[in-house]
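> Provide a 3D model corresponding to the input given below.
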Amino acid sequence: QQHPEVSKSSSGASAPCNQSIPSSAPYSPEATAAFATAITLMVIFTIVGNILVIIAVLTSRSLRGPQNLFLVSLAAADILVATLIIPFSLANELMGYWYFKSLWCEIYLALDVLFCTSSIVHLCAISLDRYLSISRVTYGRQRTPRRIKAAIVVVWLISSVISFPPLLSLNKSESNKSGNEKGPQCQLNDERWYILYSTVGSFFAPCLIMILVYVRIYQIAKQRTRCPPGEPRKDGIGSATPSQPPRHLKANGKDEDEDDNSQTSPNPTANNLLQPPSPSSSGPMTKEEAKKAKPSFKRILATSKGARLVPGRKSKPESNPGAARRKAMVNREKRFTFVLAVVIGVFVLCWFPFFFSYSLQAVCPETCNVPKPLFTFFFWIGYCNSSLNPVIYTIFNKDFRNAFKKILCSGTKGTFF
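As a prediction, this is how the structure comes out:
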């Protein structure tokens with residue numbers, strides 16, 4: 001969010017930038033060509049990769065979960081950074097001054113702050129969604145596309161509230177806008193209050209929230225791993241509580257009110273072993289018949305995988321399509337949570353050096369001077385993050401990998417609208 005000022009000035013450190021911009025090009029022709037080529041390739045990769053993410057979520061059956069709409073919005077923000085921000089930052093960096101109109105400088109600064117802030121707020125929202133999905137049993141049913149879209153609107157509104165008010169109150173000097181021997185400059189001011197506000201609001205506070213949420217997710221996952229399926233959990237997650245009515249399980253491990261598309265068993269007593277035996281039409285049962293008809297622990301036990309344990313025969317967990325489907329969904333949720341943890345970790349690694357060094361300008365402006373080349377490097381590493389998410393999805397998530405292969409190999413087959 002602060003990086004705009006860095007990019008406007010080739011040095012990237014507010015006040016020091018103004019003092020170090022030469023009247024001629026800051027880089028040699030060879031360095032300029034290499035830098036321009038590298039950033040151009042990064043921009044193309046960012047646009048293509050994030051478009052693939054959007055198409056994959058909209059077309060792949062395994063990625064159509066409402067929560068993946070967050071990834072669509074995040075990919076859109078990265079595309080906007082690559083098209084509306086990075087090219088102008090590159091021109092400003094290579095030329096050493098702001099070549100474009102002052103009005104576009106204002107718009108450019110506002111959009112730069114907005115898009116980059118929205119990226120981390122998106123990750124914050126995704127973290128909270130992950131937490132709710134594993135901590136509340138009913139959240140999955142409440143997580144509709146409509147609600148996720150509303151949450152995305154809130155994410156962009158929060159990003160705007162964080163980004164725009166300070167920009168409206170910034171005092172930009174005429175020397176920065178109208179130019180001098182160094183050329184016109186387009187940068188945010190370096191007042192201490194703004195640096196602290198923007199670094200805390202746009203990075204450090206959301207980062208703290210994400211870290212705390214993922215620590216809690218890890219704790220819940222650990223509790224679930226340690227607690228056997230039949231025992232009540234300390235956090236109450238996934239277990240029946242005394243306030244819940246008794247659940248009547250069928251022999252296939254499902255609730256009576258749960259949909260079951262599997263075939264019915266030819267054995268009438270195997271359909272619902274928790275129901276008392278109905279009186280025989282032929283008269284009262286003998287002692288032996290009553291003993292056989294009485295449900296025993298083994299006859300009514302349903303395993304965590306939905307396998308039926310009926311005396312005299314073994315059944316495989318795979319024989320229950322419903323249980324296999326639920327297990328696949330749980331595994332997909334686990335993979336998705338892990339991938340998002342990687343996305344968040346990479347985002348923090350890319351942007352932390354910049355935000356930390358930028359915040360030093362407010363904490364100790366006299367003694368904590370970051371070298372200009374290092375600060376510029378931190379700034380561009382942050383921008384590189386926009387191109388990394390598609391790579392992370394491809395490496396760590398099989399569903400995305402398969403979707404990308406299908407999109408790239410099937411050509412124009414079908415439509416994603």
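
> Downstream of the helix or strand hosting Val343, the next helix or strand is which one?
If you go by DSSP states H and E, Val343 is part of helix 321-363. Counting by DSSP H and E, the next helix or strand C-terminal to helix 321-363 is helix 372-384.

> Tell me the helices and strands packed up against that next one.
Other helices and strands packing on helix 372-384, by 3 or more CB pairs under 8 Å, 6 or more residues apart in numbering; DSSP states H and E, are helix 3-8, helix 29-59, helix 86-95, helix 321-363. All C-beta atoms are positioned from the backbone trio N, CA, C, and that covers glycine.

> So, low pLDDT: which residues of the stretch 101-250 of the chain?
166-182, 189, 227-250 (pLDDT under 70).

> what about 80?
165-183, 185, 187-190, 221, 224-250 (pLDDT under 80).

> hang on, the earlier thing: which among the helices and strands packed on helix 372-384 is found nearest to Phe379?
The closest of the helices and strands packed on helix 372-384 to Phe379 is helix 3-8. By CB to CB, the value is 4.5 Å.

> out of the helices and strands packed on helix 372-384, deepest packed?
Of all these, helix 3-8 has the most neighbours on average by mean count of other CB atoms under 10 Å, namely a mean of 27.

> which of the residues in stretch 76-86 are buried?
Neighbour counts over stretch 76-86 (16 or more other CB atoms under 10 Å) mark Ala76, Ala77, Asp78, Ile79, Leu80, Val81, Ala82, Ile85, Ile86 as buried.

> hang on, the earlier thing: could you check the angle helix 372-384 makes with the helix holding Val343?
160 degrees (axes from the mean of the first three to the mean of the last three CA atoms, to 10 degrees).

> State the three-state secondary structure for Gln185.
When classified by DSSP: H, G, I helix; E, B strand; the rest coil, Gln185 comes out as coil.

> returning to that earlier point: any idea which of the helices and strands packed on helix 372-384 gets closest to Cys124?
helix 321-363 (9.0 Å).

> mean confidence score for the closest one?
Helix 321-363 shows a mean pLDDT of 83.

> just the strands in the chain please.
Here the chain has its strands, by DSSP state E, at 309-310, 313-314.

> which strands and helices sit next to the helix holding Val343?
helix 3-8, helix 102-135, helix 192-199, helix 205-226, helix 372-384, helix 389-396, helix 398-409.

> Nearest to Pro206 among the buried residues of stretch 76-86?
Nearest to Pro206 among those, with distances taken as CB to CB, is Ala77, at 13.9 Å.

> wait, the closest one sits on Phe115?
Yes: the pair Ala77 / Phe115 is scored as a contact, 5.2 Å apart, by CB atoms under 8 Å.

> now the helices and strands packed on helix 372-384 in JSON lines, with distance to Gly183?
Below are the helices and strands packed on helix 372-384 laid out as JSON lines (distance: least, CB to CB, whole Å):
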{"stretch": "helix 3-8", "distance to Gly183": "11"}
{"stretch": "helix 29-59", "distance to Gly183": "16"}
{"stretch": "helix 86-95", "distance to Gly183": "8"}
{"stretch": "helix 321-363", "distance to Gly183": "23"}
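
> can you tell me which of these comes nearest to Ile134?
With respect to Ile134, and counting by CB to CB, the nearest of those is helix 321-363 at 7.3 Å.

> and the angle from that closest one to helix 205-226?
Here the directions of helix 321-363 and helix 205-226 differ by 150 degrees (the same axes, to 10 degrees).

> What angle do helix 102-135 and helix 321-363 make with each other?
Using the same axes, to 10 degrees: helix 321-363 against helix 102-135 is 140 degrees.

> tell me the angle helix 321-363 makes with helix 398-409.
Our comparison of helix 321-363 with helix 398-409, counting by the same axes, to 10 degrees, yields an angle of 90 degrees.

> could you check the angle helix 389-396 makes with helix 321-363?
Taking the same axes, to 10 degrees, one finds helix 321-363 and helix 389-396 inclined to each other by 140 degrees.

> model confidence over stretch 404-417, on average?
Rounded mean pLDDT across stretch 404-417 is 70.

> An error on my part: the question was meant for stretch 371-391.
For stretch 371-391, mean pLDDT rounds to 92.

> If you count neighbours, what's buried in that stretch?
Neighbour-count burial for stretch 371-391 flags 372, 375-376, 378-380, 382-383, 385-390 (criterion: 16+ other CB under 10 Å).

> now, among those residues, which is nearest to Tyr214?
Nearest to Tyr214 out of the buried residues of stretch 371-391 is Asn389 (CB to CB; 17.1 Å).

> for that closest one, what are its contacts?
Going by CB atoms under 8 Å, 6 or more residues apart in numbering, Asn389 touches Gly49, Asn50, Val53, Leu71, Leu74, Ala75, Asp78, Val343.

> The residue lying closest to the first one once chain neighbours are set aside and Ala150: what is the separation?
Spelled out, it's Gly49. Spatially, and ignoring its direct neighbours in sequence, Gly49 is nearest to Pro390 (3.2 Å; CB to CB, 6 or more residues apart in numbering). Here Pro390 is placed at a distance of 26 Å from Ala150 (CB to CB, to the nearest Å).

> swap in Val72?
Distance, Val72 to Ala150, by CB to CB: 14 Å.

> Please work out which of the helices and strands packed on helix 321-363 is packed deepest.
Highest mean neighbour count of these: helix 3-8, a mean of 27 (counted as mean count of other CB under 10 Å).

> Please flag which of the buried residues of stretch 76-86 sit within helices.
Residues of the buried residues of stretch 76-86 located in helices (DSSP state H): Ala76, Ala77, Asp78, Ile79, Leu80, Ile86.

> I'd assumed Leu41 was in contact with the last one.
When you say that, I think you mean Ile86. No: between Ile86 and Leu41 there is no contact under CB under 8 Å: 11.6 Å.
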